[in-house]
Each structure stands twice: as structure tokens, then as C-alpha cells.
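# sequence and predicted model, in that order:
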Amino acid sequence: MQPGFRLEALPGLIGDQDGTASGGLVGGNEPRDPGFAYYYQNGRRMCQAVNAAWALQDVGSGDGGLVFVPCSHKSNVETPDDVATGKGEMGVVLQPELQAGDLLLYARAVTQGVRPWHNGARRLLRYEYTARGVIRDRGAGPDTDAQPVPEWMGDMSPEERAAVHKPGYADTTPAPVLNSDGGTQWIEHGVDPVHPSIYVRDPDSGIDENEFYFWDLTGYLVLRNILTAEELALANEAVDRFEDRIVVGNELSGGSTALAGTGRPTLGGLLQAPEPYCLPFRRMMAHPAVTQRLNWMGGSGWRCGGPTAFCAVKGSSGHSLHDANEPLVPSRSYVFQNGRSYCEAITVTWQLRDVTETDGGFACVPGSHKAQYRMPPGVRTCDDDMGLVTHPVMNAGDVLFFMDGAQTHGALAWTSEIARRGILIKYSSRNFNRSGGAMVHPEARWGDLVDGMTDEQLAVMRGPDRDVRDANVPRLDVNDGEVAVSYERTGALYSREAPAGPVAKP
Ligand SMILES: [Fe+2]
């Protein structure tokens, strides 16, 4: 908050003390309410309303009371009714556990509410602070009962009075809603503020709005029970059959204690397996349930690399968490605009076996696709994850989508006696290259037009190449007024087509 924050209302105990709830969840960032919104820019936070809850008694898991949806202060999608009412919370609603004496601070902009107390009411004392200029509720003093009407306002119409209302009184809080069709105007009573949009929600978009909310909020999505029993059996049989081709790769814990272990075992070549073993993987690659989601998540025209089976065994290392919205990489970013999800890189993982809470495997930081701060080292290694890392529980036949590159993700070390069976397929949007390819080479793209060109000229005649964090393509530098190509390698993420030095033919 900025200096000068104020107590908006008198402190009060959260939730009816007789154990009943206070209604559905409120708040969230869509539609945006500037009077309690979360603003962040260039290192400065301006959260317009912050609640502070003091625990006067312990509040255990499942006790009920205060709940909220983490990350929803940045949500672009309206809270679905199922989440607001508690009918279908999709695992996004958190009931914080507190000990007597704890202080919980939470943005007013997160979707929040009060569920019934289950084991007797707990004492949680809430203070609501707002930024210095925010207009929200009126105070409790006797002067707030009615706006004084000076003599000069006496002859004004109600519409004219609305235009000069003074906030802070019972009859001006909430503010009067003066509406107009352009020709006439009138005061609306008992309605939400009027704020028209040029867009109309499309009930025929084919998008499940609960899915869209979950995806936009968290950066991942799990569809349940998509593979048939036959597909699942055949895919598992294929992995069994080619188990001897599993390759144990690098240990990927990145110096983490929590994720340390042995190298990561994977199995490729699944599309090339003899029939019928290739068939389930071909279907997974362009499965109707995947196509429908990819099209609204990032638009059509996507393409994928081959599926890879992730086959971690007990003791296999995790993969230290990587990627986020900060630093931003456009070719693998997430943007929401005017009702559309623009996600440029999506990874899909089909589960061939159940993944329990304790097995290990995929893990992510929900909401990190909108992070404005770099990930702290403890989150990267999971050695001090601040409770931010989620490990979704999945069943054989489920399919996971996540924002590869935009969302902070990785894997926990595998602890189960039963090996992991996740079929991972990486999709790129039509807009960016992710892997190099023959058309990177100037002569492939332009033919003999590039004959005789210098290295500097050839560097700018290259086709779209792999685009990642590092300066991973030949690029022009200016030194002492002279242009030269830099082939310097700043990391490991180069395509096969990236030259290590000059390419011009003498
Ligand atoms: Fe990754």
C-alpha cells in the first residue's frame, strides 16, 4: 500500500459465530474494482485494500471460516459460480491454517469469503485497511446518515444531484447510478455500477468457463479420465515392451537438496514404434480433447515434437523449477487479452499411471505465469518453497496441460516403488520457432540469392531459429564502428542449426 492507509471498517470477528456462513465468495480481479485492486509496476506495489486477520485461537485444516483463492487478485476471468458457492471449488480455494497469535495479511482483491465453521467458531479478528484515497464504505458516525443538501441544490433534479453527490453518507454510499441512453437519463436503484463493455460474452465459444478460469488463474489444467481403458492398456504395454530402450539422462536437481537423486530416465521414439504400439501415442498427439483446449489456449496452427515417456524410478532426481513470467520470454509467454488466452508454449502430459500426493513428478507454482518478481532460489530448488509449490494428484488416463516457459514448473524427486509413466508432448504456437530446423539456413530459405554473402549478411538472412532465454543465435555486434557476427555461446539452449563460427564460403 502507499503511505497513509486507513482503517476502512471497525474490526470484527470473521464469520457468524453461530457457525453459519456469510454467503458466496466475493472479490477477484474480474470485473476489476479499482477501489480494491492490486497494482504493480516497476518495483512498486499499490494494493488499494489489505485485510489483516489476527488469529485469537488456532484454526486447523478443515475448520472452515476464512477462505480465499490465491492468485485471484490477478485473475482475468470472472469467478465461476461453482467456486463462489463452494459447489465445485476445483482445488483453488484455500482455507488457511493458523495458530493463535498469527497474523494473516491478504489483498482485498483476492476472491474471498467465509465458509461455515465446522468444529465450533474460531476467533479470527479482521481489520480492513484501504489506501488513503479509496472510497468504499461510510463510517459509523451520526453525521454519515444523510448528505447535507445546501439551499442551492434544493431545486435540482435527482439526476443533477447525483452528479454533485458527496461520498461518505448513507444516501451516497454506494454512489448513485446515473444511467443514460444518450437521450434521456435516470437513476437506477438496487443495481451494480453501470460500466458497459464493447464485448459480449460468447456462450457458444466451446470453452468450459470453469476450465478457462482455472487455466488463467493457475497456469495449468488437468482433464480427468480422457484415455479409454484400451488406450491406456496398449500405451502401457508399449512402454513395457520397449523398456530396454529407456535412456537415463542427467540429474536435474540443480544443486537442490530436496530434489536430489539419480538421472532422469526417458523413452523416446514412440511415434516410430511398430503398430499397434505407436497408435495410442499418435492419438494422444492430436487427440480431440487436446485440440479443443490448445485452440482456445493459444490459437490454432500449433505443432508438437514427438512424445517422450518420463519413466522416473524410486530415487530419480526431480527437476529444479524453472521459467516464470519474470524474466519475460515472448516466445513462451502467457497473455490474456479481450477474452482470449495467448499462450505460446504448452506442454501436455498424459498419465499412464496414477500419481499420488507423495510419489513426486510434475510440480509448479500456480500463478507464476503472472509473476512480476524473479523466483527466489529456495523456490527453484524446492528447499524453501514457502508453500508455493503444488504437486497435482492425477490418475491414469488424466491429461495435464501447463504453460511451459510462462509458468514456474519442474518435477519433484520420484519416491514411489512404481515407476512414473508420464507421456510428455511439447506444443509450440504458430508464432514462434522452438527447435531450429532446415529452414534456419540462409541458403535453404533464399536459395542462390545468398551466394557470395558475407557472414554479417548471412546472419540476417537466417530463418526463424530456436528462441530461448540465451542469446542463442548468430547476431550482429558493433565494435569500433565495425559490424561483426557474434557466435559466442551463452548457454546450452542452441538448435542443431546454430553455427559455432563463420559460415560464409570463401
Ligand atoms: Fe520445463
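Good, I have the coordinates.

# what comes up buried for stretch 39-59?
By neighbour count with 16 or more other Cβ atoms under 10 Å, stretch 39-59 contains the buried residues 47-51, 53-55, 59. Any C-beta I mention is one placed from the backbone N, CA and C, and that applies to glycine too.

# please convert those residues to a markdown table, extending it with distance to Leu104 and pLDDT.
Formatted as a markdown table, the buried residues of stretch 39-59 follow (distance: Cβ to Cβ, whole Å; pLDDT from 0 to 100):
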| residue | distance to Leu104 | pLDDT |
| --- | --- | --- |
| Cys47 | 15 | 95 |
| Gln48 | 19 | 95 |
| Ala49 | 15 | 95 |
| Val50 | 11 | 96 |
| Asn51 | 8 | 96 |
| Ala53 | 4 | 97 |
| Trp54 | 8 | 98 |
| Ala55 | 7 | 97 |
| Val59 | 9 | 97 |
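
# next step: those residues restricted to strands.
The strands, defined by DSSP state E, take in 47, 49-51, 53-55 from the buried residues of stretch 39-59.

# show me which of the residues you listed is closest to Ala163.
Within those, proximity to Ala163 (Cβ to Cβ) peaks at Ala49, which comes in at 26.5 Å.

# okay, now the nearest residue to the closest one once chain neighbours are set aside: neighbour count?
Spatially, and ignoring its direct neighbours in sequence, Ala49 is nearest to Arg108 (3.3 Å; Cβ to Cβ, 6 or more residues apart in numbering). By other Cβ atoms under 10 Å, the residues close to Arg108 number 24.

# also Tyr342?
Other residues near Tyr342 number 14, with proximity taken as other Cβ under 10 Å.

# with Asn210 instead?
If we define neighbours as other Cβ under 10 Å, then Asn210 has 16 of them.

# now do the contacts for the residue nearest to it when sequence neighbours are not counted.
When the adjacent residues along the chain are set aside, Asn210 lies closest to Pro80, with 4.9 Å between them (Cβ to Cβ, 6+ apart). Going by Cβ atoms under 8 Å, 6 or more residues apart in numbering, Pro80 touches 88, 209-210, 213.

# so how far is Leu25 from Pro80?
With distances taken as Cβ to Cβ, to the nearest Å, Pro80 is found 10 Å from Leu25.

# can you pull out the helices in this structure?
Counting by DSSP state H, the chain has helices at residues 81-85, 158-163, 209-218, 229-241, 279-285, 288-298, 377-381, 442-446, 455-460.

# so which of those helices gets nearest Gly35?
Short answer: helix 158-163, nearest of the helices of the chain by Cβ to Cβ, at 18.4 Å.

# what residues are up against Asp470?
For Asp470, the contacting residues are 489-491, 493-494, by Cβ under 8 Å, 6+ apart.

# buried subset of those?
Buried by 16+ other Cβ under 10 Å: Tyr494, out of the contacts of Asp470.

# let's have the contacts of Asp470 in JSON lines, adding pLDDT and distance to Leu449.
Shown next, in JSON lines, are these (pLDDT from 0 to 100; distance: Cβ to Cβ, whole Å):
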{"residue": "Arg489", "pLDDT": "88", "distance to Leu449": "28"}
{"residue": "Thr490", "pLDDT": "82", "distance to Leu449": "30"}
{"residue": "Gly491", "pLDDT": "79", "distance to Leu449": "32"}
{"residue": "Leu493", "pLDDT": "81", "distance to Leu449": "30"}
{"residue": "Tyr494", "pLDDT": "85", "distance to Leu449": "26"}
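
# adding distance to His369 as columns, could you present the contacts of Asp470 in CSV?
Output for those, formatted as CSV (distance: Cβ to Cβ, whole Å):
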residue, distance to His369
Arg489, 28
Thr490, 25
Gly491, 22
Leu493, 20
Tyr494, 25
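
# chain neighbours aside, what residue packs nearest to Arg421?
Taking Cβ to Cβ, 6+ apart, and ignoring the residues beside it in sequence, Arg421 has Leu352 as its nearest neighbour in space, at 3.6 Å.

# report pLDDT for that neighbour.
For Leu352, the pLDDT comes out at 98.

# that one is in contact with Glu231, isn't it?
No: between Leu352 and Glu231 there is no contact under Cβ atoms under 8 Å: 9.6 Å.

# mind checking which of these two has more residues around it?
Leu352 (25 against 19).

# now do the contacts for the more buried one.
By Cβ under 8 Å, 6+ apart, the contact set of Leu352 is 232, 235-236, 239, 309, 396, 421-423.

# can you list the low-confidence ranges for this protein?
Scanning the chain for pLDDT under 70 picks out the ranges 17-22.

# show me it divided up by domain.
According to automatic domain parsing, the chain comprises the domains 6-130, 142-188, 217-428, 433-506.

# figure out which of the ones you listed is closest to Ser205.
Distances from Ser205 to each of the domains of the chain were compared using Cβ to Cβ; the minimum, 7.2 Å, belongs to domain 217-428.

# count the residues that sit near Tyr487.
Here the count is done by other Cβ under 10 Å, and Tyr487 has 16 residues near it.

# residue contacts, the residue sitting nearest the centre point of the chain?
Among the residues of the chain, Gly219 comes closest to the average C-alpha position under Cα atoms, centre = their mean, at 2.9 Å. For Gly219, the contacting residues are 334, 364, 366-369, 402-403, 406-407, by Cβ under 8 Å, 6+ apart.

# now these in JSON lines, with neighbour count?
JSON lines is the format used below for these (neighbours: other Cβ atoms under 10 Å):
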{"residue": "Tyr334", "neighbour count": "24"}
{"residue": "Cys364", "neighbour count": "25"}
{"residue": "Pro366", "neighbour count": "20"}
{"residue": "Gly367", "neighbour count": "22"}
{"residue": "Ser368", "neighbour count": "26"}
{"residue": "His369", "neighbour count": "30"}
{"residue": "Phe402", "neighbour count": "25"}
{"residue": "Met403", "neighbour count": "30"}
{"residue": "Ala406", "neighbour count": "25"}
{"residue": "Gln407", "neighbour count": "29"}
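
# Leu252: which of the residues you listed is nearest?
Out of these, the member with the shortest distance to Leu252 (by Cβ to Cβ) is Cys364, at 15.3 Å.

# could you list everything that closest one pairs with in the sheet?
Judged by DSSP bridges, the bridge partners of Cys364 are Thr390, His409.

# where's it relative to Arg264, distance?
17 Å.

# if we can go back for a sec, and the contacts of Gly219, which is closest to Glu151?
Glu151 has its nearest neighbour among the contacts of Gly219 in Gly367, at 54.5 Å by Cβ to Cβ.

# Pro70 is in contact with the closest one, correct?
Yes: the pair Gly367 and Pro70 passes the contact test of Cβ under 8 Å, sitting 6.7 Å apart.

# quick one on the thing from earlier: most neighbours of all the contacts of Pro80, which one?
Result: Tyr213 is most packed of these (other Cβ under 10 Å), 25 neighbours.

# that older thread, now for the contacts of Pro80: which two are most distant?
Spanning the widest gap among the contacts of Pro80 are Gly88 and Glu209, at 11.6 Å by Cβ to Cβ.
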